[in-house]
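# Structure of the sequence below:
(one chain, ligands or ions: 1)
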Amino acid sequence: MLSQRINELKPSKTTMSAQLASELKDQGKDVISLGLGEPDFSTPKYILDAVNEAMYKGKGHHYSPSAGMSELRQAIADFHADHDGYRYEKEEVFVCDGAKMALYFICQILLNPGDQVLIPSPYWVSYLEQVKLAGGQAVIIPSQEKQDYKITVEQVATHANEQTKFLILNTPSNPTGMVYSGDEVRAISDYCREHNILLVVDEIYYRLVYGDTQPQSIMSLTDNLDHVIIVNGFSKTYAMTGWRLGYVLARQEIIQALAKLASQSNSNASGLSQYAGLAALQGSQEDFANMRMTFAKRLENAYDKVSQLPGFQLSSKARGAFYLFPDISEACQLTGFATADDFVNALLAEYYVLVIPGSAFGSDQHIRLSYATDQDTFNQAIERIHAFIETHR
Ligand code: PLP
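This is a model prediction of the structure:
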């Protein structure tokens, strides 16, 4: 009954894990989830107040243009001009239902059968499946711990060919938390431009960086952006995952194609969510600054605690997003589990701690832990993981 396309599609492991944890919770189990890919904060009050006011003034009740509300497109362009020193025009902004949808649309408007897409590994769960769904072929560029899980321009060169349509760069990275330096991004971008390869930069975590690391969008690094498509959204920065709001910055030809696709699929992002986005950008950024500070403190604690787990290896410290991605091959050996997937399944079944297996991100030896949960809960989970390892040792 179902199409070949959907039969071949793999479900998102992160979404499935979250469902499993919530089923266990419903059965009364005391589950701790470190699987969260979203801030544990509520959407800031100034955003809620603005949406409330807009709603009762009759705003956001109707369809909006497919590329998004004009005020919001302008506000996004203005925000980046102020923060990143580069001005995209309003017509170069496309608003949609989250960054995930933006990436899905990008694959749909760019890929012809046989086109190749370069994806650095470890990669975010949906890139691969979205490329395949659009008829493209994913070409994985592997990265190792010793290179901080960041690909080099030389690796791009060895994996690119005539069929390469675009490369997806995600910095800060989900799942590793690693952040590419300005020079690293510039080198990859220059290579892509010179070789007629589009560069899709997923910047959904770009303001969530810690320590000495400063937020850095590709638009602050170069004016050569004709080949660049930037994806961003409100989910992570403003604790707005449920509002489903994201956007794309690119040249008008791309934006118009995205809007055409929207006009025949979802029509437009939710009206009230667009008002939430407008308020988020135009209001004080104090709530965001506080969330960022909290994540920065949690990272210090999480890095310390995870480094001390037997057989868990974390070399260089993550600098962004809210994830740690330890190599647990030694812990698997200690405990007799053949794979990280087996380790993760047993940990959930026996100690009710949910973490995401690295296989969701292209690595069998790792797990992803999220510190978008309060410190006490995180530490409790770590104690349980410790006990789990000791039980199986
Ligand atoms: N890109 C990356 C790297 C992500 O981690 C996520 C969410 O987990 C997304 C995109 C999608 O975000 P959104 O909630 O805006 O769809």
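
# Flag every residue of this protein that's near the ligand.
Taking CB under 6 Å from any ligand atom as the contact definition, the chain meets the ligand at 37, 98-100, 124, 170, 174, 202, 204, 233, 235, 241, 246. Using the backbone N, CA and C atoms, a C-beta is placed for each residue, glycine as well.

# and if we set it to 5 Å?
Proximity of the chain to the ligand, by CB under 5 Å from any ligand atom, involves residues 37, 98, 99, 100, 124, 170, 174, 202, 204, 233, 235, 246.

# CSV please, covering these and showing secondary structure and neighbour count.
Shown next, in CSV, are these (DSSP: H, G, I helix; E, B strand; the rest coil; neighbours: other CB atoms under 10 Å):
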residue, secondary structure, neighbour count
37, coil, 23
98, coil, 22
99, helix, 24
100, helix, 21
124, coil, 24
170, strand, 25
174, coil, 25
202, strand, 26
204, coil, 25
233, strand, 28
235, coil, 22
246, strand, 25
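
# Got the phi and psi for residue 80?
Dihedral pair for residue 80: phi -70, psi -30, per degrees, to the nearest 10.

# Touching, it and residue 215? I think so.
No - with contact defined as CB atoms under 8 Å, residue 80 does not count as touching residue 215 (11.1 Å).

# out of those two, which sits in the more crowded spot?
Neighbours of residue 80 and residue 215, each counted by other CB atoms under 10 Å, are more numerous for residue 80; the result is 23 against 18.

# Contact partners for that one?
86, 87, 88, 217, 219, 249 (CB atoms under 8 Å, 6 or more residues apart in numbering).

# and what of residue 126?
Each residue near residue 126 by CB under 8 Å, 6+ apart is listed here: 12, 100, 103, 104.

# now the second one: how far from residue 15?
Remark: distance between residue 100 and residue 15 (CB to CB, to the nearest Å) = 10 Å.

# do the same with the third one
With distances taken as CB to CB, residue 103 is found 15 Å from residue 15.

# Quick check: the residue of this protein nearest the ligand.
Closest residue of the chain to the ligand, CB to the nearest ligand atom: residue 98 (2.8 Å).

# where exactly do the helices run in the stretch 201-350 of the chain?
For the stretch 201-350 of the chain, the helices defined by DSSP state H, counting those that start in this stretch occupy 252-263, 271-282, 286-307, 329-335, 340-351.

# just those helices: most buried one?
Sort the helices of the stretch 201-350 of the chain by mean neighbour count, taking mean count of other CB atoms under 10 Å, and helix 271-282 sits at the top with a mean of 22.

# So which elements touch it?
Applying 3 or more CB pairs under 8 Å, 6 or more residues apart in numbering; DSSP states H and E, one finds that helix 271-282 contacts helix 45-56, helix 70-84.

# domain parsing for this protein?
4-30+287-392, 45-282 (automatic domain parsing).

# Can I get those in a markdown table including mean pLDDT?
Shown next, in a markdown table, are the domains of the chain (pLDDT from 0 to 100):
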| stretch | mean pLDDT |
| --- | --- |
| domain 4-30+287-392 | 94 |
| domain 45-282 | 97 |
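
# picking that back up, out of residue 103 and residue 15, which sits in the busier spot?
residue 103 (25 against 14).

# Correct me if wrong, but that one is in a helix.
Yes - according to DSSP: H, G, I helix; E, B strand; the rest coil, residue 103 belongs to a helix.

# Count the residues that sit near residue 85.
12.

# ok, so what distance separates it from residue 221?
Taking CB to CB, one finds residue 85 at 10 Å from residue 221.

# same thing with residue 319?
As judged by CB to CB, residue 319 and residue 221 stand 17 Å apart.

# Between those two, point out the one with more neighbours.
Counted by other CB under 10 Å, residue 319 and residue 221 do not tie: residue 319 has more neighbours, with 21 against 18.

# correct me, but that one touches residue 208?
No - the criterion here is CB under 8 Å, and residue 319 misses it with residue 208 at 9.7 Å.

# which neighbours do the two share?
residue 172.

# Dihedrals phi and psi, residue 20?
Backbone phi and psi, for residue 20 under degrees, to the nearest 10, turn out to be phi -60, psi -40.

# how many neighbours does it have?
16.

# Surely it touches residue 354?
Yes - counting by CB under 8 Å, residue 20 does reach residue 354; the two are 7.4 Å apart.

# Return every residue with contacts to both of those two.
Taking CB under 8 Å, 6+ apart as the criterion, residue 20 and residue 354 both touch residue 348.

# What residues sit buried inside stretch 45-65?
Buried positions in stretch 45-65, judged by neighbour count with 16 or more other CB atoms under 10 Å: 47, 50, 51, 54, 59, 60, 64.

# Between those, which sits nearest residue 307?
Nearest to residue 307 out of the buried residues of stretch 45-65 is residue 47 (CB to CB; 36.1 Å).

# How much space separates the closest one from residue 273?
Remark: distance between residue 47 and residue 273 (CB to CB) = 10 Å.

# joint contacts of those two?
Common neighbours of residue 47 and residue 273 (CB under 8 Å, 6+ apart) are residue 240.
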